[in-house]
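[1] I'll drop the sequence and a predicted model, then ask my questions.
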Amino acid sequence: MTESPRRRVVVTGVGAVTPVGTTVATMWESLVAGRSGVGHIRSIDASTFPTRIGAEVLDLDAARLPTGPDMAGTINLLDRKNQFGWVAAAEALADSGILDRRPGRIGISIGTESRRPDFLKQLSIGDVYEGHHAHLRYSPFVFGGVLSQHYDLTGPQFTVSTACTSGTQALGVAYQAIQWGKADAMLAGGCDSLIDPLMLTGFSLLGALSTRNDDPSHASRPFDLHRDGFVLGEGAGMLVLEEHEHARARGARIYGEVRGYASTSNAYRLTDSPPDGQGAYLAMAHAIADAGLTPKDIQYINAHGTSTHQNDRSETAAIKRCFGDQAPHVPISSTKSMMGHLVNGGGAVELIVCLLTIQHGILTPTINYEVPDPECDLDYVPNHARPATVDQALSNSFGFGGINATVVVGRVDREAA
């Protein structure tokens with residue numbers, strides 16, 4: 001039997017809600033300017049925690065959420081993270097224009113997880129019994145269901161829950177569904193909100209969070225020698241992925257092509273990255289091969305770059321192993337230095353950054369990079385944005401449980417689009 005050729009997949013819409021901007025345009029402006037979205041936590045009382053800083057979404061326009069009597073049931077099913085996801089999804093779908101004509105099969109792939117930080121409080125006052133669907137707002141599968149019902153998206157629906165890798169794996173699942181003809185387009189991405197007592201407690205016990213409470217804007221400092229942990233963030237990124245000919249037929253604007261994807265396991269420890277970066281190296285190498293490229297073709301890497309000692313050194317080792325002599329010449333940046341760690345939402349937002357880098361020819365910086373770590377000695381685009389021509393970019397996501405995922409995106413020439 002002859003194997004059918006894989007279909008090309010392009011991105012035709014993007015949407016984002018982040019601590020540095022609640023639209024793609026405002027986010028990009030802040031990232032290029034090197035603005036930090038980290039500050040003292042306002043959404044909860046964090047005064048008794050070792051870490052009292054985070055990257056919060058503070059300026060989301062409530063009018064962008066589901067409103068009106070007919071949407072009351074919908075908003076009641078959306079917790080904070082899913083509200084971010086809703087707004088990002090609406091932006092991505094509007095940006096793509098795909099719903100104007102609605103041809104073909106459109107599906108959904110969401111990176112998220114179950115989280116109910118206010119459950120005990122609700123239980124104590126009886127709110128948990130209000131409404132027979134109230135408990136569903138905490139279930140990870142509900143957000144995709146709400147979106148599919150609201151927008152009448154009848155294609156395949158996936159929910160991916162792999163912590164820091166969820167958003168990227170959700171995109172990978174969507175990419176493969178289109179490649180192999182299971183859908184013509186997919187709304188894909190991730191959303192999260194980690195700034196709650198449970199997450200602060202858990203990550204503090206792991207010693208994973210920065211405690212630079214007196215200097216929040218300088219707390220997230222990936223690859224810097226004096227980094228002391230990551231910063232909790234919140235937000236969402238959503239993209240419309242579409243089969244290339246399907247997009248061309250309706251005259252869609254194309255941001256770029258998803259050219260390769262891979263996911264691997266470290267087979268190491270649940271919460272630590274291996275010093276040699278083995279799993280991350282394999283994810284990058286396999287994604288580049290899946291794209292039909294070589295490491296020399298990659299001109300930018302959006303790093304996982306969390307600002308923890310072990311992750312940054314492990315990722316640097318993986319990049320050196322994958323790119324060899326080319327490694328010092330590939331610009332790398334961590335947008336977590338400005339947005340904090342969006343966990344389930346991070347990979348999707350960071351892939352949007354890769355696409356905008358290709359489109360605008362600007363490398364976003366890694367801010368707060370002041371004292372080089374001898375074990376992190378690559379080009380991390382320190383502190384200031386830089387002009388560059390980028391045709392192929394790579395985005396890394398590495399999660400607890402030892403899960404790695406990498407996506408490669410590339411420019412689509414106007415003539416070829």
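    Thanks, I have the structure now.
[2] pLDDT wise, what is the nearest residue to W180 once chain neighbours are set aside at?
    In space, and not counting its chain neighbours, W180 is closest to R6: 7.0 Å by CB to CB, 6 or more residues apart in numbering. Where you see a C-beta, it was placed from the backbone N, CA and C, and this is true even at glycine. R6 is assigned a pLDDT of 87 by the prediction.
[3] which residue sits closest to S30 in space, ignoring its chain neighbours?
    Excluding its sequence neighbours, the residue lying closest to S30 (CB to CB, 6+ apart) is V20, at 3.8 Å.
[4] cool, and Q392?
    Leaving out its chain neighbours, the residue that sits closest to Q392 by CB to CB, 6+ apart is G410, at 4.5 Å.
[5] Also E113?
    The spatial neighbour of E113 that comes closest, neighbours along the chain excluded (CB to CB, 6+ apart), is S161 at 4.3 Å.
[6] Was I right to think the one you found contacts F141?
    No: counting by CB atoms under 8 Å, S161 does not reach F141; the two are 9.4 Å apart.
[7] Could you report the neighbour count for T201?
    Here the count is done by other CB atoms under 10 Å, and T201 has 13 residues near it.
[8] got it, and the one 5 residues further on?
    Neighbour count for L206, taken as other CB under 10 Å: 13.
[9] With T12 instead?
    A count of neighbours around T12, defined by other CB under 10 Å, yields 24.
[10] tell me the secondary structure for it?
    Taken by DSSP: H, G, I helix; E, B strand; the rest coil, the conformation at T12 corresponds to strand.
[11] before we move on, back to that, pLDDT at the residue nearest to E113, what is it?
    At S161, the model reports a pLDDT of 93.
[12] Please enumerate the helices of the chain.
    24-33, 72-76, 80-96, 119-125, 142-151, 166-179, 197-206, 244-249, 278-290, 309-323, 336-339, 346-360 (DSSP state H).
[13] Can you tell me which of those helices is most buried?
    Compared across the helices of the chain, helix 336-339 shows the largest average neighbour count, a mean of 30 (mean count of other CB atoms under 10 Å).
[14] Show me how far it is from its chain's centre.
    When C-alpha coordinates are averaged (CA atoms, centre = their mean, to the nearest Å), helix 336-339 and its chain have centres 12 Å apart.
[15] Kindly report the same for stretch 253-269.
    Here stretch 253-269 shows a centroid-to-chain-centroid distance of 12 Å under the convention CA atoms, centre = their mean.
[16] buried ones in it?
    Within stretch 253-269, the residues that qualify as buried by neighbour count (16 or more other CB atoms under 10 Å) are 254-264, 266.
[17] Report the separation between the closest residue to P274 other than its chain neighbours and V240.
    Beyond its immediate neighbours in the sequence, the residue positioned closest to P274 (CB to CB, 6+ apart) is Y268, lying 4.4 Å away. With the distance defined as CB to CB, to the nearest Å, Y268 ends up 35 Å from V240.
[18] returning to what we had before: my read: the residue nearest to S30 touches V32, true?
    No: counting by CB under 8 Å, V32 is not a contact partner of V20; they are 10.4 Å apart.
[19] coming back round to it: wait, isn't the residue nearest to W180 in contact with I178?
    No: no contact is recorded between R6 and I178 when judged using CB under 8 Å, the distance being 9.3 Å.
[20] For R386, give me its contacts.
    Shown here is R386, whose contacts under the criterion CB atoms under 8 Å, 6 or more residues apart in numbering are 331, 362-363, 365.
[21] In contact with T12, which residues?
    95-98, 185, 240-242, 247, 252-255.
[22] Tell me the spacing between it and I367.
    Taking CB to CB as the criterion, T12 is separated from I367 by 31 Å.
[23] before we move on, what about L58?
    Shown here: L58 relative to I367, a distance of 19 Å by CB to CB.
[24] Compare the two (neighbour count), which wins?
    Under the criterion of other CB under 10 Å, the comparison of L58 against I367 puts I367 first, with 26 against 11.
[25] tell me which helix or strand of this protein sits lowest on mean pLDDT?
    When the helices and strands of the chain are compared on mean pLDDT, DSSP states H and E, helix 119-125 comes out lowest with a mean of 52.
[26] okay, now the residue lying closest to Y369 once chain neighbours are set aside: neighbour count?
    Take Y369 and drop its neighbours on the chain: the residue closest to it by CB to CB, 6+ apart is P382, 3.9 Å away. Applying other CB under 10 Å, we find 17 other residues in the vicinity of P382.
[27] same deal with the one 5 residues further on?
    Applying other CB under 10 Å, we find 8 other residues in the vicinity of P387.
[28] quick one, what contacts it?
    Listed by CB under 8 Å, 6+ apart, the contact set of P387 reads 361-363.
[29] One more: A303?
    Going by CB under 8 Å, 6+ apart, the list of residues near A303 reads 222, 315, 319, 332-334, 380, 396.
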